[in-house]
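Q: how does the following fold in three dimensions:
(one chain, ligands or ions: 1)
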Amino acid sequence: MSNGPTKRAADWAETTGFARLDAEAFPDFLPGWVWLVGAGPGAPGLMSLLCYHAMQQCDVVVYDALVNPDILRWVKVGAELEYAGKRGGKPSPTQRDITLRLIELAQAGKRVLRLKGGDPFMFGRGGEECQNLAGAGVPFRIVPGITAGVGGLAYAGMPATHRDTNHSVIFLTGHDASGKMPANVNWPAVAKASPVIVMYMAVKHLGEIAAALIAGGRKADDPVTIVSNASMPHQQVASTTLEQAGAFVAAQEPPTPAIVVVGHASDWRSVLDWYAPALRENPIG
Ligand code: SAH
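A: Got it, this is the predicted structure:
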């Protein structure tokens, strides 16, 4: 649906708002292609224009548990929706099942939108999926999304970097492929490497992780902030310390999905915590 070169402002002066986007030359979503797209952390307004475009062009959407269902109501009428996450206690389809399904749909000539929460290449197995698509000769495009470890911090009033607190930030997962605390992370090195550590999938093993960070030289009273359901109206933010983190999680059971932030990024919340209850009445973001 390429419209050729972008029109000049005068050409679309009579259109307003989002209608102007129709005049833009979005890339074609061709049959037999897979677009691997990040939908952002939750708030529908945080998706990209390419994500929205893909939802208008696709024949089928294969989506994960972390994709906010409110986003799916914008998918083109008639497109199929296929859920590829855990459902009610049943085991989730394996990564292999999902990849084979993507290949099958693409080879049947469909435009396949593979929709993931956050960014597909941040702890999203997007790399593995694309390796398999490449191996099968299926053409693909990758559309990045706002990852929870950045967008979620913004919705909690925590800059991922700030010149007064940190010049670096580490992203890591608190879970390995076997579901345990990752053994091949050099925890003492992580403890010392950056003032701010942003952890995905870390609530379950938070006590162990906190102990490993303290053993690695991190201060026991370092702040720990847990952002649950980030960017959603039911977002919750909880605060504890490294020393208390394990007991805190056991007692309070913070809702998941949650991002865990270690370090003084949370100091800015007293001024920057902008996502007030009144703003949450708008579900777009
Ligand atoms: N690709 C995703 C991450 C997938 S791993 C991204 O870029 O955001 C799943 C983990 O992401 C969850 O365990 C949680 O740590 C985090 N996460 C995803 N969405 C979240 C949200 N809305 N609020 C808080 N954490 C979230």
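
Q: what's the burial count for the residue in the stretch 1-150 of the chain that the ligand sits nearest to?
A: In the stretch 1-150 of the chain, the residue that lies nearest the ligand is residue 118 (1.9 Å; C-beta to the nearest ligand atom). Every residue, glycine included, has its C-beta placed from N, CA and C. A count of nearby residues for residue 118, using other C-beta atoms under 10 Å, gives 31.

Q: quickly list what it is bridged to.
A: Counting by DSSP bridges, residue 118 is bridged to residue 40.

Q: end-to-end on stretch 274-285?
A: 12 Å (C-alpha to C-alpha, to the nearest Å).

Q: next one: that stretch to chain centre, how far?
A: On the basis of C-alpha atoms, centre = their mean, to the nearest Å, stretch 274-285 is displaced by 19 Å from the centre of the chain it belongs to.

Q: and it, is it in reach of the ligand?
A: No. If you take C-beta under 6 Å from any ligand atom as the test, stretch 274-285 misses the ligand, and the best it gets is 11.7 Å.

Q: what of stretch 143-160?
A: Yes. With C-beta under 6 Å from any ligand atom as the measure, stretch 143-160 is seen reaching the ligand through 147-148, 152.

Q: highest neighbour count among those residues?
A: Within the residues of stretch 143-160 next to the ligand, residue 152 tops the neighbour count with 29 neighbours, counted by other C-beta under 10 Å.

Q: chain neighbours aside, what residue packs nearest to it?
A: Closest residue to residue 152 apart from its sequence neighbours, by C-beta to C-beta, 6 or more residues apart in numbering: residue 230 at 3.0 Å.

Q: what of residue 105?
A: Of all residues not flanking residue 105 in the chain, residue 112 sits nearest, at 4.7 Å (C-beta to C-beta, 6+ apart).

Q: hmm, that neighbour is touching residue 33, no?
A: Yes. The pair residue 112 and residue 33 qualifies as a contact (C-beta atoms under 8 Å) at a distance of 7.1 Å.

Q: between those two, which one's more packed in?
A: Neighbours were counted for residue 112 and for residue 33 using other C-beta under 10 Å; residue 112 has more, 32 against 20.

Q: who's the more buried one bridged to?
A: residue 34, residue 60.

Q: picking up where we left off before, tell me the one of the residues of stretch 143-160 next to the ligand nearest residue 277?
A: Closest approach to residue 277 among the residues of stretch 143-160 next to the ligand (C-beta to C-beta): residue 152, at 17.9 Å.

Q: contacting residues for residue 68?
A: Listed by C-beta atoms under 8 Å, 6 or more residues apart in numbering, the contact set of residue 68 reads 39, 42-44, 117, 232.

Q: need the per-residue pLDDT for residue 5.
A: Per-residue pLDDT puts residue 5 at 55.

Q: nearest residue to residue 219 in space, please, no chain neighbours.
A: Closest to residue 219 by C-beta to C-beta, 6+ apart is residue 242, at 7.1 Å.

Q: contact partners for that neighbour?
A: Residues counted as contacts of residue 242 (C-beta under 8 Å, 6+ apart) are 210, 213-214, 218-222, 224, 262.

Q: now, those residues that are in helices?
A: 210, 213-214 (DSSP state H).

Q: how about the contacts of residue 242 in TSV, adding distance to the ligand and neighbour count?
A: Below are the contacts of residue 242 laid out as TSV (distance: C-beta to the nearest ligand atom, whole Å; neighbours: other C-beta atoms under 10 Å):
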residue	distance to the ligand	neighbour count
210	16	27
213	17	24
214	21	19
218	20	22
219	23	13
220	23	13
221	24	11
222	19	20
224	14	27
262	13	28
